[in-house]
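**Student:** Show me how the following folds:
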Amino acid sequence: MKKMLIIVSWTLLSMQVFSQENRITLSSGYAFTNIEDVSTNAAGWRINGLYEFNPMGEIFAHGLSFGYIGTTATYTNLLNTTEYKLNTFPIYYAPKILFGNDKMKGYVKGALGMHFSNYHRNGFLGELDTNDSGFYGGAGLGGMYQINEMIFISAEYEWAWMSNSWYKDGFMNTITAGIGIQF
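**Tutor:** Predicted structure coming up:
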């Protein structure tokens, strides 16, 4: 009797492993941020990769995101012109709450992780080039449209706060669109 109970328990637990959905999404889009202590905004682009799994097709999904954000800005006043270039590599845990039907789903997500950044400033006061890392955290809102059983497209807005020890902390905003595979 104990053997039968153990066999049935293991069988039911292993069925849960096969009922999860896995997704890989590649996306790209527009990024914009404000450079502190300067009256200008930086703009650029973002590429992003996301692996996530959705246990048993429920409303909660867990993901691991990594990407690149590149922004530039030029500030001009009466005396000089200063150019800024910010390159950021965020890596973070991305939990999602999904809602909707099988064909079209919306979601709210979080972002909790870290970033590695390069800050370059060139202007009248000289040139500054530094690397830094820090906390990366934020939230996002998006949607997915299922094209067929395996392929979907997505669109997303993400707001994030990045802390730095050397240069100023800042907010990063991104709007992306992407394509994904569900297996």
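
**Student:** residues near Asn22, how many?
**Tutor:** Other residues within reach of Asn22 by the criterion other CB atoms under 10 Å amount to 12. Just so you know, the C-beta spots here come from the backbone N, C-alpha and C atoms, and that holds for glycine as well.

**Student:** May I ask which helix or strand encompasses it?
**Tutor:** Applying DSSP states H and E as the criterion places Asn22 in strand 21-34.

**Student:** Relative to the whole chain's centre, how far out is the helix or strand just after that strand?
**Tutor:** Using DSSP H and E, the helix or strand that follows strand 21-34 in sequence is strand 41-54. Strand 41-54 sits 4 Å away from the centroid of its parent chain (CA atoms, centre = their mean, to the nearest Å).

**Student:** and strand 41-54 with strand 21-34, angle?
**Tutor:** Inter-element angle recorded for strand 41-54 and strand 21-34: 170 degrees (by axes from the mean of the first three to the mean of the last three CA atoms, to 10 degrees).

**Student:** partner strands of the strand holding Asn22, parallel or antiparallel?
**Tutor:** Paired with strand 21-34 in the same sheet, following DSSP bridges, are strand 41-54 (antiparallel), strand 170-182 (antiparallel).

**Student:** List the buried residues of that strand.
**Tutor:** Neighbour-count burial for strand 21-34, counted by 16 or more other CB atoms under 10 Å, picks out Arg23, Thr25, Ser27, Gly29, Ala31, Phe32, Thr33.

**Student:** Quickly check the residues you listed for the two that are furthest apart.
**Tutor:** Using CB to CB, those span at most 27.7 Å, a distance reached by Arg23 and Thr33.

**Student:** Check the gap between Ile47 and Tyr75 for me.
**Tutor:** Using CB to CB, to the nearest Å, Ile47 is found at 26 Å from Tyr75.

**Student:** Ser117: helix or strand, and which one exactly?
**Tutor:** Counting by DSSP H and E, Ser117 is found in strand 104-123.

**Student:** okay, the next helix or strand after that strand in PDB with CA atoms only?
**Tutor:** Next in sequence after strand 104-123, counting helices and strands by DSSP H and E, comes strand 126-146. Taking Å, rounded to 0.1, in the frame of the first residue of the first chain, the C-alpha atoms of strand 126-146 are listed here in PDB:
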ATOM      1  CA  GLY A 126      37.000  67.900 -19.700                       C
ATOM      2  CA  GLU A 127      36.200  64.300 -20.300                       C
ATOM      3  CA  LEU A 128      34.800  61.800 -17.700                       C
ATOM      4  CA  ASP A 129      34.500  58.000 -18.400                       C
ATOM      5  CA  THR A 130      33.400  55.700 -15.500                       C
ATOM      6  CA  ASN A 131      31.900  52.300 -14.900                       C
ATOM      7  CA  ASP A 132      29.500  51.500 -12.100                       C
ATOM      8  CA  SER A 133      26.900  49.000 -11.000                       C
ATOM      9  CA  GLY A 134      23.900  49.200  -8.700                       C
ATOM     10  CA  PHE A 135      20.300  48.300  -7.900                       C
ATOM     11  CA  TYR A 136      17.800  48.100 -10.800                       C
ATOM     12  CA  GLY A 137      14.100  48.000  -9.800                       C
ATOM     13  CA  GLY A 138      10.900  49.000 -11.300                       C
ATOM     14  CA  ALA A 139       7.500  48.000 -12.800                       C
ATOM     15  CA  GLY A 140       6.000  47.400 -16.200                       C
ATOM     16  CA  LEU A 141       2.800  47.000 -18.100                       C
ATOM     17  CA  GLY A 142       2.300  45.100 -21.300                       C
ATOM     18  CA  GLY A 143       0.400  42.600 -23.500                       C
ATOM     19  CA  MET A 144       1.000  39.500 -25.600                       C
ATOM     20  CA  TYR A 145      -0.900  38.400 -28.700                       C
ATOM     21  CA  GLN A 146      -0.700  34.700 -29.600                       C
END
